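Chemist: From the sequence below, what's the structure:
(one chain, ligands or ions: 2)
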Amino acid sequence: MRAVQFLGDRQAIVRHKPDPHPGPGQVVLKMRAVAICGSDLHRYRAPRGDQPPSELVPGHEPCGEIIEIGPDVRGLKIGDRVLVYHRIGCGTCVECQTGQPNICQNGQRSYSGYFDGADAEQMLVFARNCHLIPESMSWEDAVVISCQAGTAYAPLRRLGASGRDTIAITGLGPVGLCVLLLGQAMGARMIGIDPMAERRALAERLGAIATFDSNDPRLGEAVTDLTKGGATALVETSGHPSAHARIPDLLKVSGTAAVVGLGSSAPSLNPISMFKKQLSLFASNLYPEWMLPEIFDFVQSHRVPLTRIITHTATLDQAPDMFRLADSATAGKIIFRFE
Ligand SMILES: [Zn+2]
Ligand SMILES: [Zn+2]
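Modeler: Ligands and ions are numbered 1, 2, ... in the order given. Modelled structure (predicted):
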């Protein structure tokens, strides 16, 4: 099969690799849709060291069709369309046993971080990480859900987003745009905040009631005026220290902020700045595996147009160009399709 390999220093190649075969509890997928994620770029950008480059296949947003089944697999058959949940916890702690391997504290393993990932023609996965994609759902919707729409759904659910809310989103990359589409479907009015004019324009086309430039020094006042006192909630997806520092200016009294974006770990928000308005804040790390059927159902029943965040569809052979494009931060979601 063909598979992507990162060589370091922003170089990706497509090379041949032996086809995988399933052991006990495993299945092999023929990939149908996989997507590039912002977090893939950390490894893509890593400097080329003295060691030979890792042969681990990148990609953690996998959707495919089962073509081979190993011993001791129940409940799956050849031809099933599945989405693979990419984080694998220890399997024994209380978080793992309650369907939350995303917050397992006993050493995270993942597809693309420990096992071969999705950017290949085939992928070897554990059957227990496979989730059946509803029959009428497209591969494109499923691949957007696998990482980014799931990451957007979980904090909105925890906020209890509804028609009573006006929610500010800081950062309008693919996760921020998924927050916009899903929050809207939950009934909330959504405000987009980002330094890039193209991203703000896209957010407006997708239904944001207003967008603002994060570099605008009057941002806090503008949001307060528009919302008559501040947003009821905020979802921070940019990972920027300056966005963290601004959270108290954008929220109304008793508002809540969800922090989703990873970026700089520099100190950025003094908790005392949350005091005057008695604000709340929580972190949301990916989404729990148990939530997947609910997310499928929500996206389908509300016809959330997730595929509108996809700007490029390519073949695996175009991976070197597509990673260059993703690295330039000028594209929306980039997906690979396989026939
Ligand atoms: Zn991802
Ligand atoms: Zn665990």
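
Chemist: got the residues of the protein near ligand 1?
Modeler: 37, 147 (Cβ under 5 Å from the ion). (C-beta placed from N, C-alpha, C; glycine too.)

Chemist: which parts of the chain sit against ligand 2?
Modeler: Checking the chain against ligand 2 by Cβ under 5 Å from the ion, the hits are 89-90, 93, 96, 104, 106.

Chemist: Farthest-apart pair in these, please.
Modeler: Among the residues of the chain next to ligand 2, the pair separated by the greatest distance (Cβ to Cβ) is 96 and 106, at 8.1 Å.

Chemist: what about the two, which has more around it?
Modeler: The neighbour comparison of residue 96 against residue 106 (other Cβ atoms under 10 Å) goes to residue 96, with 20 against 13.

Chemist: Hmm, residue 102 and the more buried one touching each other?
Modeler: No. Counting by Cβ atoms under 8 Å, residue 96 stays clear of residue 102, with 9.7 Å between them.

Chemist: these two touch, right, residue 248 and residue 270?
Modeler: No. Residue 248 lies out of contact with residue 270 (Cβ under 8 Å); the separation is 9.1 Å.

Chemist: More neighbours: the two, which one.
Modeler: Comparing residue 248 with residue 270 by other Cβ under 10 Å, the one with more neighbours is residue 248, at 23 against 11.

Chemist: List the contacts of stretch 155-162.
Modeler: Residues outside stretch 155-162 that contact it (Cβ atoms under 8 Å, 6 or more residues apart in numbering): 165, 167, 179, 182-183, 186-188, 233, 235, 256, 258, 260, 282, 284, 291.

Chemist: still on that earlier bit, which residues do residue 96 and residue 102 both contact?
Modeler: residue 89.

Chemist: before we move on, back to that, single out whichever of the contacts of stretch 155-162 has the smallest pLDDT.
Modeler: Lowest in pLDDT among the contacts of stretch 155-162 is residue 260, which has 94.

Chemist: ok, so of the contacts of stretch 155-162, who is nearest residue 15?
Modeler: residue 260 (34.0 Å).

Chemist: gap between the residue of the stretch 151-300 of the chain found nearest ligand 2 and ligand 1?
Modeler: Closest residue of the stretch 151-300 of the chain to ligand 2, Cβ to the ion: residue 289 (11.4 Å). As judged by Cβ to the ion, to the nearest Å, residue 289 and ligand 1 stand 15 Å apart.
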